[in-house]
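>>> no sequence on this one, just coordinates:
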């Protein structure tokens, strides 16, 4: 599947002056959301699709900001004319969540009550807070019901939460490489990454911006840990194996040996630590850890999903060991038991959790087919 | 299987004045090895068993140093009268490898040429250096041939290397939860742990002792990463699940939530960072990364094993994802192709890589049965 690019896109910023009460009980007095749209809203505004981003994602999901950009948005392979999320059919709305660090109100924003960056004082967030702020944007755009809410990983959790909180406002819920809740191992990886950040000498209890510094090193380690767990063992073996970047294995030589995989992880860590905010990382991973779709429904996902009214599409990837197919099948099984309409595709892919972002013919075709069905039924 | 304790044991220290040339080409002018023995050497010294330790191991494998010790040696469950490695039959020799931090010469020792701790200047080591220094101790004890060389994880690599370097001096080679070489993913986890240490502000390029400090925080992170990967997802799920140590999930409360798994990892990291040496950690993980049994045999493990003369016993554990059963089967397959006698047991166990240290009835029985065979055949 080829498809076209959405071309040059321009982010918009929407300010909200109405205070919003968050799940923590704290109130955000005002906030802004930065978002992009791809495709055209139809007359009855029934073709709008919401993209919910994952841990390190943002609003720039497709197209280019400038002609000279080397890379398009993070999900460009799946959003565009003729692509799985077909912008000839849908209007796609993609925003940066609050708590983020790409333009929406978050820890790097100024706290109006202190005149200083929020930093670690930014309120804790849960998925439902993102749903509620996404819904404020929805209302402002005059959209009454999403044709689909779509997300991978943490984005899939937001999509599921949408379907329970506002069942009448979601027609389709697309949940990719996600889970009903994290396992102890998932939480453990998140916590080690957070500890790397928190224990960086430049963290200053999260008020690093007030000290004119950033915990670059901690964030770099956090990203290396995270990135490593998003890849599959086989994928890494195929791509890097035991190839050397520097040095050799020769006996009798005292040289420094560096494997390709080490150099690659350093590079990924370096880039991320220059572009992402440490408090946002902590806040997003905490929201991941806390998420438990069925908690308020007596820990019964069947009871939870019985509140929904939408169709579900669930996708998993064979070598994803952070959110493995077994976790997606738990979602599917609960949906079936709750008598909800659900389609499920398990994709053979060699790139672990990252597979949800990468080209894959069967994934593209299956996703495209599902979305064409969404278009045919309702728009 | 119950078995008895070896009781109170006392470490011995052996100094070696003869310089030893290491695989790096560098020479260690003198060194000492600290070791323990359990059981009695028979008259023809044919019942000696060598235990090779793993990454964070040491010489204290069984028994207690004092009546008041809360915990016995690290492999006490498998070493003692009537246990798998039966000290009524064998004399077990367990030493701390050079480069270690428990009494044998390593980075915390004084470099005689400078009068200061070696620190990061301690020579790089490979498995073969441990084999050679273990062999110096063997010669000094008057042992001509090991009844068995036994090791788990990195210890298994030493055992295999023994069987190739000194084929006439090993009758049985027991390789537990090990591999012919690390995968890219294994290396990546080691590297992230090393980066955590190296980027600690107290690391001082490895000369932290000269600065009267230790990179406690980096070592703590390294251990958390390592420990996490030694456990299985299911094991962690069963032991900790999503149970909370502090706080609650209640909406509208802004409390700090801490999961049990987080508290457990902090605890493990804290203990380790007070007791282990950071340069040793780097040195040991590098030796793990470099190890590749067949490299010098044209990358052909069958060619490698054709140089051996011993019997092999290979053990793996179902939920070990750092050294999974597939890695052990590669060893077994190469041994079969090389026409070497080999027995293999895959143990169903829920505790990941750590399973090789933990009680497990089938593992105990199979290991015991193999070692009884060793005793019957040769001693």
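Yes, it's here. Everything quoted here is computed from the prediction, not taken from an experiment.
>>> from here on, just use CA atoms for contacts and neighbour counts.
Noted.
>>> mind checking pLDDT for residue A:379?
Model confidence at residue A:379, expressed as pLDDT, equals 59.
>>> residue A:370 now?
Value for residue A:370, per-residue pLDDT: 98.
>>> what sits against it?
Neighbouring residues of residue A:370 by Cα atoms under 8 Å, 6 or more residues apart in numbering or on different chains: residue A:313.
>>> now residue A:80
Taking Cα under 8 Å, 6+ apart as the criterion, residue A:80 is in contact with A:3-6, A:38, A:62, A:86-88.
>>> cutoff 7 Å now
Neighbouring residues of residue A:80 by Cα atoms under 7 Å, 6 or more residues apart in numbering or on different chains: A:3-6, A:86-87.
>>> so which of the residues you listed is the most crowded?
With neighbours defined as other Cα atoms under 10 Å in any protein chain shown, the most crowded of the contacts of residue A:80 is residue A:87; it has 25 neighbours.
>>> on that earlier part again, by pLDDT, rank the contacts of residue A:80 and give me the bottom one.
residue A:3 (86).
>>> separation between the spatially closest residue to that residue that is not a sequence neighbour and chain B?
Once flanking residues are discounted, residue A:3 sits nearest to residue A:82: 4.4 Å by Cα to Cα, 6 or more residues apart in numbering or on different chains. Per Cα to the nearest Cα, to the nearest Å, residue A:82 is found 37 Å from chain B.
>>> give me the phi and psi angles of the residue in the stretch 151-300 of chain A that chain B sits nearest to.
Nearest to chain B, among the residues of the stretch 151-300 of chain A, is residue A:252, at 4.0 Å (Cα to the nearest Cα). Backbone torsions of residue A:252, given as degrees, to the nearest 10, read phi 80, psi 0.
>>> report the contact partners of it.
Residues near residue A:252 by Cα under 7 Å, 6+ apart: B:23-25.
>>> which of these are close to chain A?
Under the cut-off given by Cα under 7 Å from any Cα of the partner chain, chain A has B:23-25 from those close to it.
>>> isn't residue A:304 right up against residue A:298?
No: the pair residue A:304 / residue A:298 is not scored as a contact, 8.4 Å apart, by Cα atoms under 7 Å.
>>> out of these two, which sits in the busier spot?
Applying other Cα under 10 Å to residue A:304 and residue A:298 shows that residue A:304 carries more neighbours, namely 22 against 10.
>>> just confirm that one is within a helix.
Yes: counting by DSSP: H, G, I helix; E, B strand; the rest coil, residue A:304 falls inside a helix.
>>> most surrounded residue in the contacts of residue A:252?
Ranking the contacts of residue A:252 using other Cα under 10 Å puts residue B:23 first, with 20 neighbours.
>>> in contact with the spatially most central residue of chain A: list those residues for me.
Residue closest to the average C-alpha location in chain A (Cα atoms, centre = their mean): residue A:54, at 1.0 Å. For residue A:54, the contacting residues are A:152-155, by Cα under 7 Å, 6+ apart.
>>> one more time with 6 Å, if that's ok
Listed by Cα atoms under 6 Å, 6 or more residues apart in numbering or on different chains, the contact partners of residue A:54 are A:153-155.
>>> any idea how far residue A:42 lies from chain B?
Residue A:42 sits 37 Å away from chain B, going by Cα to the nearest Cα.
>>> and residue A:326, how many residues sit next to it?
The number of residues packed near residue A:326 is 14, by other Cα under 10 Å.
>>> so in chain A, which helix runs the longest?
helix A:361-378 (DSSP state H).
>>> buried sites along that one?
A:363-364, A:366-368, A:370-372, A:374-375 (16 or more other Cα atoms under 10 Å in any protein chain shown).
>>> of the residues you listed, closest to chain B?
Closest to chain B out of the buried residues of helix A:361-378 is residue A:363 (25.2 Å), distances taken as Cα to the nearest Cα.
>>> ok, and the closest non-adjacent residue to the closest one?
In space, and not counting its chain neighbours, residue A:363 is closest to residue A:347: 6.2 Å by Cα to Cα, 6+ apart.
>>> most neighbours, which of the contacts of residue A:54?
Within these, most neighbours by other Cα under 10 Å means residue A:154, with 27 neighbours.
>>> which residues does it contact?
Residue A:154 makes contacts with residue A:54, as judged by Cα under 6 Å, 6+ apart.
>>> could you do residue A:79 as well?
For residue A:79, the contact set (Cα under 6 Å, 6+ apart) comprises residue A:85.
>>> quickly list what it is bridged to.
Taking DSSP bridges as the rule, residue A:79 bridges to residue A:85.
>>> and chain A, which residues reach chain B?
Within chain A, the positions near chain B by Cα under 6 Å from any Cα of the partner chain are A:23-25, A:184-185, A:233, A:236-237, A:241-242, A:251-254.
>>> buried subset of the residues you listed, written for PyMOL?
Those of the residues of chain A next to chain B that count as buried under 16+ other Cα under 10 Å are selected in PyMOL with:
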select buried, chain A and resi 23+24+184+185+233+236+237+241+242+254
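>>> filter the residues of chain A next to chain B down to the ones in helices?
Cross-referencing those against helices under DSSP H gives A:184-185, A:233, A:236-237.
>>> for the stretch 101-250 of chain A, what spans make up the strands?
In the stretch 101-250 of chain A, the strands defined using DSSP state E, counting those that start in this stretch lie at A:110-111, A:116-117, A:148-152, A:172-176, A:244-246.
>>> retrieve the pLDDT associated with the residue nearest to residue A:117 when sequence neighbours are not counted.
Spatial nearest neighbour of residue A:117, excluding adjacent residues (Cα to Cα, 6+ apart): residue A:110 at 4.1 Å. pLDDT, residue A:110: 96.
>>> now for residue A:110, how many residues are close by?
15.
>>> kindly report the same for residue A:70.
For residue A:70, the neighbour count with other Cα under 10 Å is 7.
>>> who touches it in this structure?
If a contact means Cα under 6 Å, 6+ apart, then residue A:70 has no contacts.
>>> how about the backbone phi and psi for it?
In this entry, residue A:70 is assigned phi and psi values of phi -80, psi -30 (degrees, to the nearest 10).
>>> gap between it and residue A:64?
Residue A:70 sits 9 Å away from residue A:64 when distances are taken as Cα to Cα, to the nearest Å.
>>> now do residue A:320
Counting by Cα to Cα, the gap from residue A:320 to residue A:64 is 29 Å.
>>> now pLDDT too, for the ones in helices among the residues of chain A next to chain B, in a markdown table please.
Shown next, in a markdown table, are these (pLDDT from 0 to 100):
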| residue | pLDDT |
| --- | --- |
| A:184 | 96 |
| A:185 | 96 |
| A:233 | 92 |
| A:236 | 94 |
| A:237 | 94 |
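>>> got a pLDDT number for the closest residue to residue A:331 other than its chain neighbours?
In space, and not counting its chain neighbours, residue A:331 is closest to residue A:180: 6.5 Å by Cα to Cα, 6+ apart. The per-residue pLDDT reported for residue A:180 equals 98.
>>> likewise the one 3 residues further on?
Taken from the predicted model, the pLDDT recorded for residue A:183 is 96.
>>> residue A:324: which of the contacts of residue A:54 is nearest?
Residue A:324 lies nearest to residue A:153 out of the contacts of residue A:54, by Cα to Cα, at 10.8 Å.
>>> excluding sequence neighbours, find me the nearest residue to that closest one.
residue A:178 (4.3 Å).
>>> measure the one you found to residue A:313 for me?
From residue A:178 to residue A:313 the distance is 12 Å (Cα to Cα).
>>> which of these two has more neighbours?
Per other Cα under 10 Å, whichever of residue A:178 and residue A:313 has more neighbours is residue A:178, with 27 against 21.
>>> wait, the more buried one sits on residue A:150?
No: Residue A:178 sits out of contact with residue A:150 when judged by Cα atoms under 6 Å, with a separation of 11.3 Å.
>>> in terms of neighbours, single out the busier of residue A:320 and residue A:64.
residue A:320 (24 against 20).
>>> backbone phi and psi for the closest residue to that one other than its chain neighbours, please?
Nearest non-adjacent residue to residue A:320, counting by Cα to Cα, 6+ apart: residue A:352, 3.7 Å away. Here is the backbone geometry of residue A:352 (degrees, to the nearest 10): phi 60, psi -150.
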